[in-house]
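Visitor: Need the 3D shape of this:
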Amino acid sequence: MTRANAQPEPTPMSEQAIDPRELRKALGTFMTGVTVITTIDGEDRPRGFTANSFTSVSLDPPLVLVCIDHNALSYPVYAETEHFAVNVLAEEQREVSGIFAGKTADKFSYVSWHRGTTGSPVIDGSLSWVDCRVHKRVEAGDHLILIGEVQDFHYTPANPLGYFRGAYLTSGLEQDAIPSPGQKTCVGGILESDGHVMLIEDDQGNLSLPVGARLGPASDPKSLLGRLQKLQVDAEIGFLFAVFEHDDSGSLNVYYRGQVRVAPGDGAGVRMIPLDEIPWDRLPDSALRSMLGRYVNERVEDRFGVYVGDFEAGQVHTLGSRE
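Guide: Purely as a prediction, here's the structure:
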């Protein structure tokens with residue numbers, strides 16, 4: 001029996017040529033922490049590199065693994081070492097990540113560290129670290145999987161440094177989204193679907209982003225989620241994108257990125273407009289134009305930062321360097 005409106009079976013990926021760049025983007029949607037993998041080479045010199053390919057394998061016995069590119073300069077060292085340490089970086093250690101991701105000579109002269117139980121370097125100030133002896137090596141494609149048995153470890157209550165789609169993320173930035181006592185807030189969303197951004201059109205033809213007095217809940221008609229529900233927009237709110245004080249109103253503006261899953265039809269005041277066709281002259285708020293312009297530029301590179309500042313000046317919190 002054939003189902004009505006049956007769609008053709010998709011061609012298996014194994015029968016298609018996989019684009020490594022597109023695959024990297026797909027894999028980059030998995031948000032990870034940032035680590036520095038360290039060891040001591042045959043001449044008793046500390047070695048290390050930045051990696052986010054780290055995971056727990058087992059608690060009994062206590063095993064973890066890291067992946068090392070065959071093309072990495074330090075690959076020969078890790079292919080022979082009998083021990084290594086995994087240093088999970090805290091949010092204030094973005095500079096440490098950059099040092100060990102680059103080709104800086106004598107990287108360890110730029111950080112404070114000490115030897116762990118196995119002798120591997122432990123970087124001071126890390127969110128946590130695990131010191132391991134090599135349990136097993138597994139060759140897998142263009143990487144070496146190094147499985148380590150944990151000999152010692154330590155952790156702290158600090159905030160982690162995250163990595164997502166080629167950019168660093170720090171949970172501490174959320175604290176900048178907390179208003180001062182008595183300060184008015186405006187919470188909005190830059191919501192996208194298939195290269196289109198969602199804008200709200202008023203009776204005069206002006207456009208704006210959906211906003212509310214707070215993020216949620218959906219049962220509150222004054223919140224962003226409540227307004228989206230009233231507009232019959234099914235959307236998913238994602239990462240923080242901008243936090244700034246508006247000079248005209250004195251309000252704290254907080255904007256998130258997100259995705260539109262289901263948008264209403266025509267007549268609801270909602271317009272899904274292609275990112276490269278935004279009618280900027282119909283956006284009367286200059287702060288909105290500036291912020292949305294940055295979003296469009298960062299969308300092209302698929303690398304997003306978080307703007308924190310005021311209406312006229314601020315800082316985009318992102319490094320965005322890849323391994």
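Visitor: ranges for the helices of the stretch 151-300 of the chain?
Guide: Secondary structure of the stretch 151-300 of the chain by DSSP state H, counting those that start in this stretch: the helices cover 224-230, 286-301.
Visitor: Of these, which is nearest Phe84?
Guide: Closest of those to Phe84 is helix 286-301, at 33.2 Å (criterion: C-beta to C-beta). For the C-beta atoms, the positions are set from N, CA and C on the backbone; glycine is no exception.
Visitor: Which elements pack onto the closest one?
Guide: The contact analysis (3 or more C-beta pairs under 8 Å, 6 or more residues apart in numbering; DSSP states H and E) places helix 286-301 against strand 185-193, strand 234-245, strand 252-262.
Visitor: buried set for it?
Guide: For helix 286-301, a neighbour-count test (16 or more other C-beta atoms under 10 Å) marks 287-288, 290-292, 294-295, 298-299 as buried.
Visitor: One more: stretch 90-103?
Guide: Within stretch 90-103, the residues that qualify as buried by neighbour count (16+ other C-beta under 10 Å) are 90-91, 93-94, 96-97, 99-101.
Visitor: and Asp152, which of the helices and strands packed on helix 286-301 is closest to it?
Guide: strand 234-245 (34.6 Å).
Visitor: related to what we said a few turns ago, among the buried residues of stretch 90-103, which lie within helices?
Guide: When these are checked against helices (DSSP state H), the matches are 94, 96-97, 99-101.
Visitor: Among the residues you listed, which one lies nearest to Gly258?
Guide: Arg94 (25.0 Å).
Visitor: hmm, back to that, buried deepest among the helices and strands packed on helix 286-301, which one?
Guide: Compared across the helices and strands packed on helix 286-301, strand 185-193 shows the largest average neighbour count, a mean of 21 (mean count of other C-beta atoms under 10 Å).
Visitor: what angle do that one and strand 234-245 make?
Guide: Compare the direction of strand 185-193 with that of strand 234-245 by axes from the mean of the first three to the mean of the last three C-alpha atoms, to 10 degrees and you get 130 degrees.
Visitor: helix or strand for Val36, which one?
Guide: Element membership for Val36 (DSSP states H and E) is strand 35-40.
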